[in-house]
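How does the following fold in three dimensions:
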Amino acid sequence: MKSQSLPYDMGNAGDLLKHGILAEYTQWWCRNNAKPMRFLDPFGGRPWVESPKYEVTLRVEKLSEFALFHAQPEPKNKYYGSSHIVNNMAKALGQDAQIFVSDRDSDALKDLCNSGLEKLCCPGFDPNNGVSILDTNIEADLLLLDPFEDFLISQDLKDSFQRIKSFSERMAVVVFILNKDQKNKIGRQYTKLKREYLSQAWALHCPKLKNQKVRGESGYIIEVLLLLPAFLRPSAKELRNTLIQYSQCLTKVLGASVQFLEGRSF
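Take a look at the predicted model:
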């Protein structure tokens, strides 16, 4: 792979929250649909890391009761990124998935496409601004928004949340949030906007972790939001229950209180 080295270890706590939701959603969706799942990942990143941290491998192995374990078929040799999580999970269930990816890092995008994924292209989408996917009319089943730490400090956060709310009326949306401090100005704004625009989202929430051997866990509070369109909500009770169980297992695996946040009732 040609993309730049990462400032964190793949398979960190944030990845386990995000990839756990993606794997569980994909498993649930595939079990209820016969057609190939269409997944959009405009912030694709790295397809995988080879020789993952030993601690990461141990964590994945301790999650053997959950979908993520099946979406990581080589935990000792590779830790897969988001798009391959969805692809691997669909394949584990005997189904196909159409995975469309982009990244503003041209080398990362090349790596993703060379790994067998399709380049994300559609009218209105700017690969240098992954959030622009919210301005398109593209049809799919699941969108991941993972803009790393610059999302909450963007000047148009309110507008982005409004667009996410509107977009989630058409398809499921997963949003990865890195929050340095719930009590500072940025943290309070996030809480206010989430309550105002994304109040129906389910979320997995993890505090900052201390004294971990995995890079990228000590600086942020992590929340991963899952927004379901109205037509999926009535049948999603099983998915909800599985995510609650997943949060309880992650609490044991990480040694920190991982919470499932219900959001406002559907």
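
what ranges do the strands span in the stretch 51-200 of the chain?
Ranges of strands in the stretch 51-200 of the chain, per DSSP state E, counting those that start in this stretch, are 78-80, 97-101, 118-119, 142-145, 172-179.

Could I get the CA-only coordinates of the last one as PDB?
In other words, strand 172-179. Coordinates of each C-alpha in strand 172-179 appear next as PDB, following Å, rounded to 0.1, in the frame of the first residue of the first chain:
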ATOM      1  CA  ALA A 172     -29.100   4.400   7.000                       C
ATOM      2  CA  VAL A 173     -26.300   6.700   8.000                       C
ATOM      3  CA  VAL A 174     -23.400   6.000  10.400                       C
ATOM      4  CA  VAL A 175     -21.500   9.000  11.700                       C
ATOM      5  CA  PHE A 176     -18.200   8.800  13.500                       C
ATOM      6  CA  ILE A 177     -17.600  11.500  16.100                       C
ATOM      7  CA  LEU A 178     -14.400  12.400  17.900                       C
ATOM      8  CA  ASN A 179     -15.100  14.800  20.800                       C
END
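
Read off the pLDDT value for Leu68.
Predicted confidence (pLDDT) for Leu68: 98.

for Phe151, same thing?
88.

do Phe148 as well
Looking at Phe148, its pLDDT is 78.

Export the strands of the stretch 51-200 of the chain to JSON lines and append columns for mean pLDDT, distance to Asn33 and mean neighbour count.
Yep, even glycine has a C-beta here, placed from its N, CA and C like the rest. As requested, the strands of the stretch 51-200 of the chain are exported to JSON lines (pLDDT from 0 to 100; distance: least, CB to CB, whole Å; neighbours: other CB atoms under 10 Å):
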{"stretch": "strand 78-80", "mean pLDDT": "98", "distance to Asn33": "22", "mean neighbour count": "24"}
{"stretch": "strand 97-101", "mean pLDDT": "97", "distance to Asn33": "11", "mean neighbour count": "23"}
{"stretch": "strand 118-119", "mean pLDDT": "98", "distance to Asn33": "19", "mean neighbour count": "14"}
{"stretch": "strand 142-145", "mean pLDDT": "98", "distance to Asn33": "11", "mean neighbour count": "23"}
{"stretch": "strand 172-179", "mean pLDDT": "96", "distance to Asn33": "12", "mean neighbour count": "22"}
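
how about those strands in JSON lines, adding distance to Pro207?
As requested, those are arranged in JSON lines below (distance: least, CB to CB, whole Å):
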{"stretch": "strand 78-80", "distance to Pro207": "23"}
{"stretch": "strand 97-101", "distance to Pro207": "30"}
{"stretch": "strand 118-119", "distance to Pro207": "37"}
{"stretch": "strand 142-145", "distance to Pro207": "22"}
{"stretch": "strand 172-179", "distance to Pro207": "10"}
